[in-house]
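K.L.:
3D model of this:
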Amino acid sequence: MSAQAKSWLMSPKGITWASVAVNIALTAAKIAAGVFCRSQTILADGLHSGSDLVTDVAVLAGLRVSNRPADGCHPYGHRRVSTLVAMFVGAALSLAAAWIAYEAITGLHDYMHGIRRDVRANLPFWLAAGSAPVKELMYQLTRYVGRKHRDVSLVANAWHHRTDAFAAIAAAVGLAGVLFGGQAWLFLDPMTAIVLAAFLVAVSYKISAATAAELIDRAPGARMLAFIEKVVSETSGVRSHHAFRARQIGGKIATDIHIQVEPTLTVRQGHEIAAAVKRRVMDADPDVVEVIVHIEPAES
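P.N.:
Numbering: from 1, shown residues only. As a prediction, this is how the structure comes out:
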């Protein structure tokens, strides 16, 4: 792979397009195997891969919009779009989990009432076992790119990949029981699907809770706040500060703070100190993308 191709692949758009290609192949293969082999487990796994494909498209759309600069209608920029996309990913996981659970409970009910489905587990087993390492690799790559570019939608999508990997492992285990245990172990097919649904619910809650916290302007962690305040207080010309606030926007941090300076300074000198505060804070941590500094005279 050339350096240029590797650089593109490790970009937010590149890794998401790679995810689209992988998910199209896995979704088509698993759903086809689920229908023709009458396996609810691999069908559920395929629909999970399909929901992953939907979120890939949403992430691509979000990347296109969230990086746009501020304009007249959006003076604070478009970073919240990536937060909304991450929330959509969580919602998509919840819907997929609900559908999988419904189908699995129906299948388990049929089994308990003597209705047996002729599940041919050979092909579904190998599909599930083979897709697990592929999706784990996509998780590692997407998570790396998401953290590198501080994009919450990419990190959320990475977790979608990992849930697909775990789902594939669980599906392979259940299908192995059906494959080697025969008719007596057919109940493992819907039971495994129910376990997968429960796992998806837990992950979707984690993603949705994190994005909801950002939408209501939750502050970053206490360690980050203390670090920023330390940088401000150590800036030359700052005698004290107060009214410090910070919030998360699309995985980044926006802050505003009031600093007190020597009251005899000129307006230009006060402005230079404010500019120094902004520059030092943004240089100290690349996650900080906005610093608003208010100048006040220090009381003697």
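
K.L.:
What about Val85, how many residues nearby?
P.N.:
27 (other Cβ atoms under 10 Å). C-beta: built from backbone N, CA, C; applies to glycine.

K.L.:
ok, it - contacts?
P.N.:
Thr55, Ala58, Val59, Ala61, Gly62, Ser66, Ser153, Ala156 (Cβ atoms under 8 Å, 6 or more residues apart in numbering).

K.L.:
what do you get if the cut-off is 10 Å, keeping everything else the same?
P.N.:
Counting by Cβ atoms under 10 Å, 6 or more residues apart in numbering, Val85 touches 55, 57-63, 65-66, 151-154, 156-157, 211, 250.

K.L.:
Would you mind measuring from the residue nearest to the spatial centre of the chain to Gln40?
P.N.:
In the chain, the centroid-proximal residue (Cα atoms, centre = their mean) is Ala156; its distance is 0.7 Å. According to Cβ to Cβ, to the nearest Å, Ala156 and Gln40 sit 27 Å apart.

K.L.:
What helix or strand is the residue nearest to the centre of the chain located in?
P.N.:
Under the criterion of DSSP states H and E, Ala156 resides in helix 152-181.

K.L.:
And that helix, what does it pack against?
P.N.:
helix 12-37, helix 40-66, helix 80-112, helix 122-148, helix 188-215 (3 or more Cβ pairs under 10 Å, 6 or more residues apart in numbering; DSSP states H and E).

K.L.:
Looking at those helices, which is nearest to Phe166?
P.N.:
Distance to Phe166, taken as Cβ to Cβ, is lowest for helix 188-215 among the helices and strands packed on helix 152-181, at 6.2 Å.

K.L.:
which helices and strands does the helix or strand following that closest one pack with?
P.N.:
Tracing the chain past helix 188-215, the next element assigned as helix or strand by DSSP H and E is helix 222-233. When contacts are defined as 3+ Cβ pairs under 10 Å, 6+ apart, helix 222-233 packs onto strand 240-249, strand 252-261, helix 267-284, strand 288-297.

K.L.:
highest average neighbour count across the ones you listed?
P.N.:
strand 252-261 (a mean of 20; mean count of other Cβ atoms under 10 Å).

K.L.:
got the angle between that strand and strand 240-249?
P.N.:
170 degrees (axes from the mean of the first three to the mean of the last three Cα atoms, to 10 degrees).

K.L.:
can you give me the angle strand 252-261 makes with helix 80-112?
P.N.:
140 degrees.

K.L.:
so how far is strand 252-261 off the chain centroid?
P.N.:
28 Å (Cα atoms, centre = their mean, to the nearest Å).

K.L.:
strands paired with that strand, and their directions?
P.N.:
strand 240-249 (antiparallel), strand 288-297 (parallel) (DSSP bridges).

K.L.:
looking at it, Ser240 is touching Val261, isn't it?
P.N.:
Yes - because the distance of 9.2 Å satisfies Cβ atoms under 10 Å, Ser240 is recorded as touching Val261.

K.L.:
Buried residues in stretch 23-31, which are they?
P.N.:
Across stretch 23-31, burial judged by 16 or more other Cβ atoms under 10 Å covers Asn23, Leu26, Thr27, Ala29, Lys30, Ile31.

K.L.:
Same question for stretch 33-51.
P.N.:
33-34, 37-51.

K.L.:
Of the buried residues of stretch 23-31, which is the nearest to Ser2?
P.N.:
Of the buried residues of stretch 23-31, the one sitting nearest to Ser2 (Cβ to Cβ) turns out to be Asn23, at 24.7 Å.

K.L.:
Which residues are in contact with that closest one?
P.N.:
48-57, 135, 138, 160-161, 164 are the contacts of Asn23 under Cβ under 10 Å, 6+ apart.

K.L.:
switch the cut-off to 6 Å
P.N.:
By Cβ atoms under 6 Å, 6 or more residues apart in numbering, the contact list for Asn23 reads Ser49, Asp52, Leu53.
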